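J.: okay, predicted coordinates and the sequence, questions at the end:
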Amino acid sequence: MIKRRTLMGTGAAITGAFTSMFAGRKAEAAKSAKNSATYPEGTIAPRGSFGVLERLPALDLEARQDFLTAFRAFANTTIARNAQARANELVKGAGKTPTELNQAEAIELLQDDPLVAMTSKSWLTAQQLMWDDLKNYFEANADRYYSEMEAVDNRGPGTLELNPDMDIPEYTRHEIHIQPGGYVGHPFAGHIYHYGTNAFYTGRNYQDELHRGAASKMPVPADGKVKRILDVGCGIGQMSMALKERFPDAEVWGLDIGGPMVRYAHLRAVERGVDVNFAQRLAEDTKFPDGYFDIVTSYIMYHEVDPTGTHASVKEAWRVLRPGGVYYPLDFKLKDVPPATAYRHYRGWMDHRWNNEVWSPKFRANGLPDIIRKAGFDLNEEGPELLRGFGVLNATKPA
Amino acid sequence: MADNKRTDRPTYAADFIKGDTDSAVFLGNAHIDNLMTVVIALGSEIWADRQRLRIVEKLLSSKGKVTTEMVEQYVPTEEEKAAWQAEREAMVKRVYAVLARDTSKARPFGEERQFN
């Protein structure tokens, strides 16, 4: 693991360290950068990494994020359990069973209860504080973070394509999950997303474990040939890199509409020495030739896509897959979902309305499996399950 | 639409649609909501200080000296990471458990004017 800030430091340290690093003298570069102590007076030297995770750059920031992660887990469990019990009492008091109310009725019944409201407030506050703390830190140290990305934009392994003049569909411009600026609107969207989602996963994905686990179960074409893989809506490239780890000889591409997202993805890939190509492009318009890929996938993208984008993306996946190729859009479960309780209805609404999960309700109503079938794919909804509790959409383009 | 392009360097950031979550009031009064935010934020600040203190203590007892750089760069052992996580969780539970209290029987002070 390359120590990003050990190698990059600031100012004059950057050029020398990277020249050495990409000449294949990583250890010497690290030693040289560390020994030369070329960090500005009054600043703190780099903090290194844990495995594939670059440590947050300041102890206080790291500690606050750790705390908010613990608080989020508490809100998700202890407070939420009690709120669920309270909601069940309210439903019972209204003479109904837990799954009898529709969403509008559930919201009406529950939203003014103090404990239910406290659950929402505490969870959302942890979310807001987590994002804002990260955003404020990266903005306050912008020069360093721009320099890090600029130093590797045009270096390998792998390539980076940014398209600042492309048309960005309106549906992608929202602050999904209330991330400041969303995926397209903040220069450090990738940095913020990475450490923010680490808190969201409550510590279970510091080493990209979920992405690596999903990639390890990805089905392959019946003929076993995997020469090229496409990961659309790749975000910061965690799934793309996990797929490259599993299929080291394959040409792997990660596409995302967020320029800052793929820029950060490329930074991480370079520092890890992972040969993945990232490009700022749409899942609906990948620019690849017909039949180019053996596998097309996405990691929890479709619930953040509007219906028009969904139809177009599935059609595009069909176009760029070769006959016999596998299409597996990993996302929330749509099949065999038990009837929602009143509390679950309320939480779904809260997530949509106040956590800015803008397109999730449409995703659940949109019939993605049918869209995939109508595009021409053979769809297996039985397995494999890439992530526990998530949906199975294992599609094949007929040979 | 909002923008986030405050530099002459290439940002590759585009205009975005600002959410309105800041306008949400869950606890009946925006100021009470704000106080709730303060309470959680203060918890994170206290934990950060506690973490720093813990590292200082560790370095002083093991190295006999401490500098800011040593504190910032300290790499905890796996045992320490697990212990700190357990302490965080215990602190959150200890301090915030009251938030999970069922308040359905709560009533304003002064509602009962007679003691029996």
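T.: Perfect, thanks for sending it.
J.: tally of neighbours for the residue lying closest to residue A:288 once chain neighbours are set aside?
T.: Leaving aside its chain neighbours, residue A:288 sits nearest to residue A:320 (4.7 Å; criterion: Cβ to Cβ, 6 or more residues apart in numbering or on different chains). Placement of C-beta: from N, CA and C, glycine included. Other residues near residue A:320 come to 22 when the count uses other Cβ atoms under 10 Å in any protein chain shown.
J.: same check, this time on residue B:44
T.: A total of 22 residues lie near residue B:44 under the criterion other Cβ under 10 Å.
J.: check contacts around it.
T.: Going by Cβ atoms under 8 Å, 6 or more residues apart in numbering or on different chains, residue B:44 touches A:63-64, A:67-68, A:71, A:129, A:133.
J.: next up, phi/psi of residue A:134, please.
T.: Residue A:134 has phi and psi values of phi -70, psi -50 when expressed as degrees, to the nearest 10.
J.: what's the lengthiest strand in chain A packed up against?
T.: Under DSSP state E, the strand in chain A containing the largest number of residues is strand A:321-330. Contact partners of strand A:321-330 among helices and strands, from 3 or more Cβ pairs under 8 Å, 6 or more residues apart in numbering or on different chains; DSSP states H and E: strand A:293-299, helix A:307-320, helix A:368-374, strand A:394-396.
J.: what does the longest one contact?
T.: Put plainly, it is helix A:307-320. In this structure, residues lying in contact with helix A:307-320 by Cβ under 8 Å, 6+ apart are A:169, A:171-172, A:230, A:232, A:282-286, A:288-293, A:296, A:302, A:305, A:327, A:329, A:362-363, A:366, A:368, A:371-372, A:375-377, A:397.
J.: quick check: angle from that helix to strand A:321-330?
T.: Between the direction of helix A:307-320 and that of strand A:321-330, the angle (axes from the mean of the first three to the mean of the last three Cα atoms, to 10 degrees) works out to 140 degrees.
J.: neighbouring strands - and their directions - for the longest strand of chain A?
T.: On the basis of DSSP bridges, the sheet neighbours of strand A:321-330 come out as strand A:293-299 (parallel), strand A:394-396 (antiparallel).
J.: quick one: residues in contact with the first one.
T.: Strand A:293-299 is contacted from outside by A:211, A:214, A:218, A:220-221, A:225-235, A:238-239, A:243, A:250, A:283, A:317, A:320-322, A:325-331, using Cβ under 8 Å, 6+ apart.
J.: wait, does the lowest-mean-pLDDT helix or strand in chain B contact chain A?
T.: Per-element confidence for chain B was summarised using mean pLDDT, DSSP states H and E. The lowest value among helices and strands belongs to helix B:68-73, with a mean of 93. Yes. Counting by Cβ under 8 Å from any Cβ of the partner chain, contacts between helix B:68-73 and chain A involve B:68-69, B:71-73.
J.: give me the most central residue, the chain.
T.: Using chain A. Most central in chain A under Cα atoms, centre = their mean is residue A:235, positioned 5.0 Å from the mean C-alpha point.
J.: please refer instead to chain B.
T.: Residue closest to chain B centre, computed by Cα atoms, centre = their mean, is residue B:44 at 2.9 Å.
J.: in which helix or strand would I find that one?
T.: Applying DSSP states H and E as the criterion places residue B:44 in helix B:30-63.
J.: now residue A:163, nearest residue through space, not along the chain?
T.: Closest to residue A:163 by Cβ to Cβ, 6+ apart is residue A:280, at 4.7 Å.
J.: what's the burial count for the one you found?
T.: Neighbouring residues of residue A:280 were enumerated by other Cβ under 10 Å; the total is 23.
J.: who's in contact with residue 60?
T.: Reading this off chain A. Contact analysis of residue A:60 by Cβ under 8 Å, 6+ apart lists B:48, B:52.
J.: ah, I was thinking of chain B
T.: Listed by Cβ under 8 Å, 6+ apart, the contact partners of residue B:60 are residue B:66.
J.: so residue A:203 touches residue A:72, yeah?
T.: No. Using Cβ atoms under 8 Å, residue A:203 is not in contact with residue A:72; the gap is 9.9 Å.
J.: doesn't residue A:328 make contact with residue A:218?
T.: Yes. With contacts counted by Cβ under 8 Å, residue A:218 reaches residue A:328, the gap being 6.4 Å.
J.: so where do the helices sit in the stretch 151-300 of chain A?
T.: Applying DSSP state H, counting those that start in this stretch to the stretch 151-300 of chain A gives helices spanning A:189-200, A:209-216, A:238-246, A:259-272.
J.: which parts of the stretch 151-300 of chain A sit against chain B?
T.: The interface of the stretch 151-300 of chain A toward chain B, taken as Cβ under 8 Å from any Cβ, is made up of A:162, A:164, A:168, A:170, A:173-175, A:178, A:181-182, A:184-187, A:189, A:203, A:259-260, A:263, A:280.
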